[in-house]
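J.: Kindly generate the corresponding structure for this input.
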Amino acid sequence: MQSVGDIFAGHRRAWDKKRALRLYYQREIFERIVAQLRPGPTLEIGTGPGFFADYHPGMTGLDIAAFHPGVIPGDVHDMPFPDASFANVVGVDVLHHLAKPGRALSEIARVLQLNGRLVLVEPWTGPVGRLFYRYLHHEDCSPVTEPWTQAFAGGKDAMDGNAMIPWTLFAARLGELSAHAPLRLAYCQPFGIAAYAATGGFKDIGLPWPVIDALCRIEALLPDEIHRVAALRALFVLERL
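T.: Numbers count the residues shown, from 1 in each chain. This next block holds a predicted model:
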């Protein structure tokens, strides 16, 4: 089995090689996140290879190991920061890898300032997304019985993920959020239909940028109802109460 470091090194090679992938992430994901940030210090959780940190420097980074310079090794379930340290906490594809999302969200709320924001981009498992992640993606996509307290049964590898977790927390069982963390969902924006899949992700496949750019422009014209049904990604913005 590949180590986490080896997986991230492979992601870095794909990132450097695939211009279309970089441009998609920068415009469709990173710009969405930056547009939602409050003024003030920002913490990125689960920094991975450091793609968002390269795009938006000056943040504090936290991950299970220092996979790139400036990252503090630590666990999002028990973070080494004082209360109210940050105006923002951000994460790209992190929440659906966490063993105890309710505990992690409580810790995130603790280190956020009043009215501070948690900004996440995660899989969206609406009707189309559920099929995509279940049959065309390497990670799990299955119902979660205990999404707040024990999202994974038994032992869990750091890279294990379940694409159903974000939708379960912030759509199907959103009413339970306040029992686990003083946060409210301020904004949810499903996005990325064919354009996201067309990048090929970090695999050695994918369409060229002009095609992906055209798909993005078409998708931007579609009504929200279609995105909720067909999107593969979502932007979640939560605020500290």
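J.: mind checking the longest strand of the chain?
T.: Ranked by residue count and defined by DSSP state E, the top strand of the chain is strand 112-123.
J.: list the helices and strands it packs on?
T.: helix 31-35, strand 86-92, helix 101-111, helix 164-167, strand 233-240 (3 or more C-beta pairs under 8 Å, 6 or more residues apart in numbering; DSSP states H and E). For the C-beta atoms, the positions are set from N, CA and C on the backbone; glycine is no exception.
J.: any idea where the strands of the protein begin and end?
T.: With DSSP E as the criterion, the chain has strands at 42-45, 60-63, 71-73, 86-92, 112-123, 183-191, 233-240.
J.: so can I have CSV of those showing distance to Ala53 and mean neighbour count?
T.: What follows is those, written out as CSV (distance: least, C-beta to C-beta, whole Å; neighbours: other C-beta atoms under 10 Å):
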stretch, distance to Ala53, mean neighbour count
strand 42-45, 6, 24
strand 60-63, 6, 22
strand 71-73, 8, 15
strand 86-92, 10, 24
strand 112-123, 14, 22
strand 183-191, 22, 17
strand 233-240, 18, 22
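J.: Quick one: the ones you listed as CSV, columns for mean pLDDT and distance to Phe30 too.
T.: Below are these laid out as CSV (pLDDT from 0 to 100; distance: least, C-beta to C-beta, whole Å):
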stretch, mean pLDDT, distance to Phe30
strand 42-45, 98, 11
strand 60-63, 98, 15
strand 71-73, 97, 18
strand 86-92, 98, 8
strand 112-123, 98, 9
strand 183-191, 98, 13
strand 233-240, 98, 11
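J.: among the ones you listed, which is nearest Asp224?
T.: strand 183-191 (7.8 Å; C-beta to C-beta).
J.: For the closest one, C-alpha coordinates in CSV please.
T.: Taking Å, rounded to 0.1, in the frame of the first residue of the first chain, the C-alpha atoms of strand 183-191 are listed here in CSV:
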residue,chain,number,x,y,z
LEU,A,183,-22.1,26.4,13.7
ARG,A,184,-24.8,27.2,11.2
LEU,A,185,-24.8,26.4,7.5
ALA,A,186,-24.8,29.9,5.9
TYR,A,187,-24.4,28.8,2.2
CYS,A,188,-24.3,25.6,0.1
GLN,A,189,-23.5,25.7,-3.6
PRO,A,190,-23.3,22.5,-5.6
PHE,A,191,-21.2,22.9,-8.7
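J.: What lies in contact with that strand?
T.: 28, 32, 36, 105, 108-109, 117-118, 124, 126, 170-171, 174, 177-178, 219, 224, 227-228, 231, 233-241 (C-beta atoms under 8 Å, 6 or more residues apart in numbering).
J.: Tell me the gap between that strand and the middle of its chain.
T.: Distance, stretch centre to chain centre, for strand 183-191: 12 Å (C-alpha atoms, centre = their mean, to the nearest Å).
J.: ok, now stretch 32-50?
T.: Put simply, stretch 32-50 sits 11 Å off its chain's centre (C-alpha atoms, centre = their mean).
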